Each structure stands twice: as C-alpha cells, then as structure tokens.
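In: Predicted coordinates and the sequence they were generated for:
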Amino acid sequence: MIDMDLEEAAKKIETMEVRGAAKIARLAALALKDFTLSYEGSDIGQFKDDLIEAKERLLSTRPTAVSLRNALAIVLKGIEKEDNITELKKKVSASADNFIKKSESALDVIAEIGSKRIKDGDVLVTHCNSSAAVSTIIKAHKDGKNIRVYATESRPKRQGYITVRELVKAGVPTTLIVDSAVRYVMSKVDMVVVGADTVASNGAVINKIGTSQIALCAHEARVPVMVCAETYKFSHETMAGELVEIEERDVNEIVNQDDFPGVKLFNPVFDATPPEYIDVIVTEEGVISPHAAYEIIKSMDIK
Ligand code: RI2
C-alpha cells in the first residue's frame, strides 16, 4: 500500500525534477519518514511489509546512485526487531532526520577539506551538477582564492546550466563549454573537480556520462582529478563483485525520436572512471586514494 505522497516523491526522483545523488537520497529518506508518520494501520507485520514495499518503490526510481539505496537502508535499519508500532514510527522518523542532518553536514566538511586542495590561481573543470563539487569550489572562492572554472554543458539534460548559475551567483568566474571542448581546454586547466553517484570498492567512480572521458583527458595532460563524495555513496554491493547498473533513460532526452526515423538512439546516463584516472576522493572522513575505497566500505555500517 503506497500512499500518494510517497508516490509523488518517487515520481519527482524518476523524472529528475529532484536530482543529484545527495538530494535524491535525502528526499527518499524524508518520503519514508512521512510515509511512516502518516501510516494508519495497526498490524505491525503489515506495517513492516508496507515499509519494505515503499522502500522498493523509491529504489526503483533510479538504479545507479547507491546513495539512494544506502539512505533507505540506513532509515530502515533494525526495523525487524521492533514490535511496537509507535516505537517503530519513532525509530524510522529519527533515523531519517539523522541521515538528512549527517548528509548536509558531510557536504560542509567535504567543502572544507576539498577546498584546501585548490590553489590560488587554479583553473578548474567540473562536469554536470554535483552539490559536493560545487560547494568545494565555492568554499575555495570564499576563502579568497582567485580561481576560474570551466563547466561542461553535460548533455543530454544539461545540468551544467545549474552549475554555472550556482557558481556565478557565488561570484566564481565561470565559463560554460560544450562537453566536447574539454580536451581543447585541458592544457589551461589545473584540476578537475567532480562528484559521484557511486564509488565502487576498487575505487572506480560512477558519475554523469562523460566523466570518464574528462578523466582520460586529464590523465593525458597530467591534470589531477579530485572526486568529492560522501561516504554513503560508497557501494557495499561492489565488495562482492556486483557491477553497478548504469541507468539508461528515455532516448527523447537526446533528440525528438520522431525527427530521426530509422535511427537508433542510446542514452546511458552514467559511466565508470577507473581508479587509475582519479587522484583523490574527498569524503567527510578525510581524503583517500581511490584504492582505499574498500577500507571505507568495510568500516561502513550499511549492509
Ligand atoms: P551530488 C548527479 O546525477 C551527477 O552525476 C552528479 O555528479 C552526482 O549526481 C552527484 O551529485 P544526476 O541525478 O550528490 O544529475 O554531489 O543524474 O549533488
């Protein structure tokens, strides 16, 4: 039994009205909290089944970002042990609040740590729209560093437009480029700063499609790549060798299919950047080499 509010939240995530690995995780946690608090049934077994069904609905919205899976696992952790409805409601609600609070404070800590690696005079490249990457860049600017940013358009959905507006609003000199201009500008760049949807146990970073091409260009030009990612974006499942599913979205996001009769269209929206092309991952627990991702996952209390 899924209520309308939960369905509304699921639709917002599915249609990308709310997007970004951290934002969808927080919205899913909030939706589960609201579902719990407004639940009117009195059968505890049924309540738990309905909570699992609600979780599965939220999980079905976007398959790649493990932030969503981890947030829901954190919010529902230990529900099987609870046998009182009021207590269960309190527990889920408190876990959701706690997750949202930690997720927001992780962003500040990442910005604080990550910005220290950006030097005065640096020229940066960022891709898509990552709250972790953007916060880090803005913090460096606020600390008085004279930096400039090239931000990619990020086709097909052009989340780069959000990034350039956020950066310019914060006073950061920013230049919008098309995705294919990255290699051309790379000779003028000092660092690539991007976010992550998922970090695998081998240190590979799954982020917006095109990130791996940017990292490859950076590697060729010996430009360091810094990934900003909260620890709840690290995937426990990949420890057992599970591959991260790459979301494929409606091809009409690329072009109107009717305008191209007979043409096949393909719209994968994420790719995996191998750890060899990543210099550091900045988490709220500190800076790690991508090769230390396994250790972060081992220490996580998410199964
Ligand atoms: P934050 C986004 O995915 C982008 O790939 C971005 O780099 C990543 O989530 C992380 O974003 P999408 O939802 O969590 O636009 O750092 O497909 O905000």
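Out: Sure thing, it's come through. Keep in mind that what you see is a predicted model, and the values were worked out from it rather than measured.
In: From now on I want contacts and neighbour counts done on CA atoms only, so please keep to that.
Out: OK.
In: Looking at strand pairing, list the partners for the closest residue to the ligand within the stretch 201-303 of the chain.
Out: Taking CA to the nearest ligand atom as the measure, the stretch 201-303 of the chain has residue 208 as its residue closest to the ligand, at 3.7 Å. Counting by DSSP bridges, residue 208 is bridged to residue 270.
In: what about it, distance to residue 271?
Out: From residue 208 over to residue 271 the distance is 6 Å, taken as CA to CA, to the nearest Å.
In: same check, this time on residue 105
Out: Residue 105 is 27 Å from residue 271, where distance means CA to CA.
In: So between those two, which is more surrounded?
Out: Using other CA atoms under 10 Å, the more surrounded residue of residue 105 and residue 271 is residue 271, with 22 against 14.
In: Now for the residue nearest to that one when sequence neighbours are not counted: which residues touch it?
Out: Excluding the flanking residues, the one nearest residue 271 by CA to CA, 6 or more residues apart in numbering is residue 209, at 4.9 Å. Listed by CA atoms under 8 Å, 6 or more residues apart in numbering, the contact partners of residue 209 are 268, 269, 270, 271.
In: Now pLDDT and distance to residue 65 too, for these, in a markdown table please.
Out: Converted to a markdown table, the contacts of residue 209 look like this (pLDDT from 0 to 100; distance: CA to CA, whole Å):
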| residue | pLDDT | distance to residue 65 |
| --- | --- | --- |
| 268 | 98 | 14 |
| 269 | 97 | 11 |
| 270 | 97 | 9 |
| 271 | 97 | 12 |
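In: quick one: the residue of the stretch 201-303 of the chain closest to the ligand from residue 154, how far?
Out: For residue 208, the distance to residue 154 (CA to CA) stands at 8 Å.
In: Mutual contacts of those two, please.
Out: The contact lists of residue 208 and residue 154 share 127, 128, where a contact means CA under 8 Å, 6+ apart.
In: secondary structure class for residue 175?
Out: strand (DSSP: H, G, I helix; E, B strand; the rest coil).
In: Quick check: it touching residue 150?
Out: Yes: with contact defined as CA atoms under 8 Å, residue 175 and residue 150 form a contacting pair (4.8 Å).
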